[in-house]
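Q: Give me the fold of what follows.
(chains A, B and C)
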Amino acid sequence: MAGMRRIGQRLRGTFSWGYLFFLYLPILILPLFSFNDSYYISFPLKGFTTRWYQELSADPSILGALLTSLQIACAAAVLSTLLGLMSARALTRHRVRGEKSLLGVIMLPLVVPELIIGVSLLTMLNHASAGLGKWAVVLGHVLICYPFSVAILMSRMEGFDKSLEEASLDLGSTHWQTFRWVVLPLALPGVIASVLLTFTISFDEFLIAFFLSSNEPTLPVYIWGQLRFPKKLPSTLALGTAIIFVSFAVVAFAEWLRRRDAPKKEASQ
Amino acid sequence: MRKNSVPYWLLSPGILLVSVVLLLPLAILFVASFWGMAQGGEFDTSLTFANYQKMLERPGYATIFLRSIGISSAVTLLTIALAYPIAYYVAFDVRHRKILWLVLITLPFWTSYLLRVFAWKVILGWNGILNSGLVSLGIIDQPIGILLYNPLSVIITLSHAWATFAILPIYLSLEKIDRNLLDAASDLGDSPWRSFLRITLPLSMPGVIAAALIIFIPTVGDYITPALVGGPDGLMVSNLIQAQFGRANNWPFGAALSVVSIACVTLLALMFTAFARKLTARIH
Amino acid sequence: MTTDKRPAVELQQVSKCFGDFRALDNISLAIHEAEFFSILGPSGCGKSTMLRLIAGLEHADSGKLMIGDRDMAEVPAYGRPCNMVFQNYAIFPHLSVGDNVAYGLRNAGLKKRALEEKIENMLNAVQLAGLEKRKPDQLSGGQRQRVALARALVREPKVLLLDEPLGALDKSLREQMQHELRELQQSVGITFILVTHDQEEALSMSDRIAVMSEGRILQIATPLDIYEQPNCSHVATFIGDMNFIDATTDDVQDDGSVEVIVPGFGRLRFNQRLPSERRGLAHRVAIRPEKLRISRQQTEAELCVSGLVVTSSYWGDQSQFQITVDGCDTPVTVAAHNVGQSGETPPARGERVWLSARPGAFLRFEN
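A: Numbers count the residues shown, from 1 in each chain, chains lettered A, B, ... in the order given. Below you'll find the model as predicted:
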């Protein structure tokens, strides 16, 4: 019996490691070939080179797209986190009538395909004769980032001890001071995680930007355009590698922040 | 009184955002689906059913709708089948490094979707990594052509891209199961396999159902994957919609296609939830 | 005796409901300056609600709350001259001990030097000197409690509110802190209002105790009176142990005294009347277990009856017995301190013993 169980565990372990490899395979392929000295992305490898990266840094249009993406992602991250903070605060600290349906509305952008969000926003902005561009992309990105921000901040703020805020009021601080001095510092790891993760979502988003960015392409839209030219593939791989490594670092930091206090919280309760 | 209105003030900007940037545009999209195209690329805003009629009359559209739903169903099944064992492994077998596993599983999800799909195109192509690798290893003489540009490549790519969304909800529902129940079952004479079927599986159904919905709903409307690895046989409804807003420049018809696809997905999701609820009710 | 003291806190006909639940039901009460006042009752009796109401963390549905001579109706929690020690201490986890204590002084506009001095003095007073830089998660339960005390007292409140402050501590630490709290109150000389469900805590620390049940105050009195003269059977059962015996009024005399028939204990004479006193009134008499003396021989006491030991249990410092007195259906509990010589065996089950008591130790309650 115990032997059977051990075999099952071994099987599941092997499968899980294999699956993890499958998950990471495509992401690891990109850096491998971004250093390969050939226009063709195929085996056998030809030799080590950094020329694709040099090509990247020499291209001014990439820099422009990068700047656009950074601006949009910063705006979307800050705005969606701000909205998320307000909503999470309302839902965790106060008793709200119809909380479930409100949460349903908040999470709605998660289930609507980005294509539909893109074309419906395009239709509305066009109908209102409003121009497209960065700000339109920001609007769409705040929408898709907002539910993530709410979820991250709610999970952070759910366990908050209400008596800490009461103690602050009791010790002579106003509601606003209590928020500044008690609530915000305690929520800070969640806020930072939310800013980082929503930044990543916006930075990587393609479809909404594709429809709304007009003549100011974001980095993913720029990459999409490059995919048509076989000669550009290696430098696109290099760009993708750079993006993926930065995202990895940012996200790993955010996840670490978000989960850091979790065991401690359990122990003190 | 003032105190009670605070949460609503806090919530209103978020709700306003969803209303103005999602619900209102969807409503306009719905109205636009009854418009037509006038000469010179202008919209004809008189209401008509012509767009919907066109969809019914030409068989090609129904085929693409059915294919989209078929591909998404296959992706949902495959992803859950692959995700369940790893979720089970992390929930029951991993003891010390749970957080590391969870972070490792979530990490790929946060990287650029476009780049991940692009990577599959590079892997599966005629001159791609898989073919050239197999050729240079001498396993095959000729590149295999059926790897890319068909529904199968779409299914593989999508089930890779959505893996995290299947693993996490299933993991959460498995993690919630009281371990004493399993001890009780084995004490009462159930073999591990039987107690899995009678206890673990039914109790993890909420996670499986959530995973199914989270994967099925958005993949029907996925654009990047079929566009990059689908080829003509792997086209899905979203490619059709995009074309109407792009090359074909028939926005009202694109709007009608969007409305129908949203309606189909919502209907299927509701049917699935009702069916799943009945099924779990029978088990309990 | 207390008329010369001005009330520090006064509640006038205060009521508070949570939905259908009446947490406070028309409460009126005055707490004096420099008094150690305890509110004692089982959980859910409304005692914490009363404390939070005084702190300004809850608002009354009706009635009036005065602190000093100010009506608190329009004063928010952060403007009230009272501070609270919370049940779980509510120490700010992101601030050091020193910053926790300094928190309440942020708005006071003190100079850095004066602030530091104040905090140092306060930490000395609660025996936390040298721990300013510690983070709360490096503190023991007792130290956390002292931080909570220091944090509240450093604001020099008129009234200190304590919500079950010792509940989270283990027994020996709790006893030590009871003593320290009492000393602290006497040295700072302000009003302490303590909420507790622990009768020992209330009895040992307080000047006066209010016993609460279901949103009402049953009795307000000194610890001695609460224990010796409970005004109703609820208070009598909640504080300490009590034997109740069904009894009947036999005769009401002209001089105000009454004669009562108590099964097993005979005819007892009382000087006080019950409100609905009349001949034949069925009611209960009560006596505390330690007021009954157990002996193997009959004694000279005015009241001495014989009975059989039903159970006998040895608790170390004392022994407890259940005894059926001849002629009485309900067995009575008797507590005896083990002051006798070592090796002396207490009466065992089935043994015949004598119980003696002062007739004045009996109390009477209406049914």
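
Q: where does residue C:299 land in three-state SS?
A: Under the three-state scheme (DSSP: H, G, I helix; E, B strand; the rest coil), residue C:299 adopts coil.

Q: hey, what's the closest residue to it other than its chain neighbours bridged with?
A: The shortest distance from residue C:299 to any non-neighbouring residue, by CB to CB, 6 or more residues apart in numbering or on different chains, is to residue C:356 (4.6 Å). No exception for glycine: its C-beta is placed from N, CA and C like everyone else's. Residue C:356 forms beta bridges with residue C:293, residue C:304, as assigned by DSSP bridges.

Q: what does residue C:83 give?
A: With DSSP bridges as the criterion, residue C:83 is bridged to residue C:160.

Q: burial count for it?
A: When counting by other CB atoms under 10 Å in any protein chain shown, one arrives at 26 neighbours for residue C:83.

Q: can you count the residues close to residue A:189?
A: Burial measure for residue A:189: 18 neighbouring residues, criterion other CB under 10 Å.

Q: Please identify which helix or strand holds the closest residue to it other than its chain neighbours.
A: Leaving aside its chain neighbours, residue A:189 sits nearest to residue A:257 (4.7 Å; criterion: CB to CB, 6+ apart). When secondary structure is defined using DSSP states H and E, the element that contains residue A:257 is helix A:233-260.

Q: elements contacting that helix?
A: Here helix A:233-260 touches helix A:2-34, helix A:51-57, helix A:134-157, helix A:184-204, helix A:219-226, helix B:98-106, helix B:113-124, going by 3 or more CB pairs under 8 Å, 6 or more residues apart in numbering or on different chains; DSSP states H and E.

Q: would TSV of the ones you listed with mean pLDDT be doable?
A: Below are the helices and strands packed on helix A:233-260 laid out as TSV (pLDDT from 0 to 100):
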stretch	mean pLDDT
helix A:2-34	86
helix A:51-57	85
helix A:134-157	94
helix A:184-204	92
helix A:219-226	92
helix B:98-106	86
helix B:113-124	88
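
Q: Does the residue of the stretch 1-150 of chain A found nearest chain C fall in a helix, a strand, or a coil region?
A: Distances between the stretch 1-150 of chain A and chain C by CB to the nearest CB are smallest at residue A:95, namely 11.5 Å. Secondary structure assignment for residue A:95 (three-state DSSP): coil.

Q: From chain B, how far out is it?
A: As judged by CB to the nearest CB, to the nearest Å, residue A:95 and chain B stand 8 Å apart.

Q: Now do the closest residue in space to residue C:252 that isn't next to it in sequence against residue C:18, distance only.
A: Once its chain neighbours are removed from consideration, residue C:252 has its nearest residue in residue C:258; the separation is 5.2 Å (CB to CB, 6+ apart). Relative to residue C:18, residue C:258 is positioned 44 Å away (criterion: CB to CB, to the nearest Å).

Q: could you point out which element follows the lowest-mean-pLDDT helix or strand in chain B?
A: Considering only helices and strands, the least confidently modelled element of chain B by mean pLDDT, DSSP states H and E is strand B:43-44, at a mean of 80. Towards the C-terminus, the helix or strand next in line after strand B:43-44, according to DSSP H and E, is helix B:50-57.

Q: elements contacting the least confident helix or strand of chain B?
A: Contact partners of strand B:43-44 among helices and strands, from 3+ CB pairs under 8 Å, 6+ apart: strand B:36-37.

Q: what about the strand it packs on, near chain A?
A: No. Among the residues of strand B:36-37, none lie within reach of chain A under CB under 8 Å from any CB of the partner chain; the closest is 13.5 Å away.

Q: returning to what we had before: pLDDT at the residue nearest to residue A:189, what is it?
A: In this prediction, residue A:257 carries a pLDDT score of 77.

Q: and residue A:161, how many neighbours does it have?
A: The local packing count at residue A:161 equals 17, with neighbours defined by other CB under 10 Å.

Q: dump the residue contacts of it.
A: With contact taken as CB atoms under 8 Å, 6 or more residues apart in numbering or on different chains, residue A:161 is in contact with C:88, C:90.

Q: Would you mind measuring from the residue positioned nearest the centre of chain C to residue B:101?
A: The residue at the geometric middle of chain C, judged as the C-alpha nearest the mean C-alpha position with CA atoms, centre = their mean, is residue C:202 (3.2 Å). From residue C:202 over to residue B:101 the distance is 52 Å, taken as CB to CB.

Q: confidence score at the closest residue to chain A within the stretch 101-250 of chain C?
A: In the stretch 101-250 of chain C, no residue comes nearer to chain A than residue C:104, which is 3.5 Å away by CB to the nearest CB. At residue C:104 the predicted local distance difference test score is 92.

Q: burial count for the closest residue to it other than its chain neighbours?
A: Once flanking residues are discounted, residue C:104 sits nearest to residue A:171: 3.5 Å by CB to CB, 6+ apart. Other residues lying near residue A:171 total 30 when counted by other CB under 10 Å.

Q: Also residue B:278?
A: 9.

Q: same deal with residue C:114?
A: Residue C:114: 12 neighbours (other CB under 10 Å).

Q: How much space separates it from residue C:120?
A: If you go by CB to CB, the gap between residue C:114 and residue C:120 works out to 11 Å.

Q: ditto for residue B:176
A: Taking CB to CB, one finds residue B:176 at 50 Å from residue C:120.

Q: And whichever strand or helix holds residue B:202, what does it pack against?
A: Under the criterion DSSP H and E, the helix or strand holding residue B:202 is helix B:201-220. Of the remaining helices and strands, those touching helix B:201-220 by 3+ CB pairs under 8 Å, 6+ apart are helix A:99-111, helix B:59-88, helix B:163-175, helix B:251-283.
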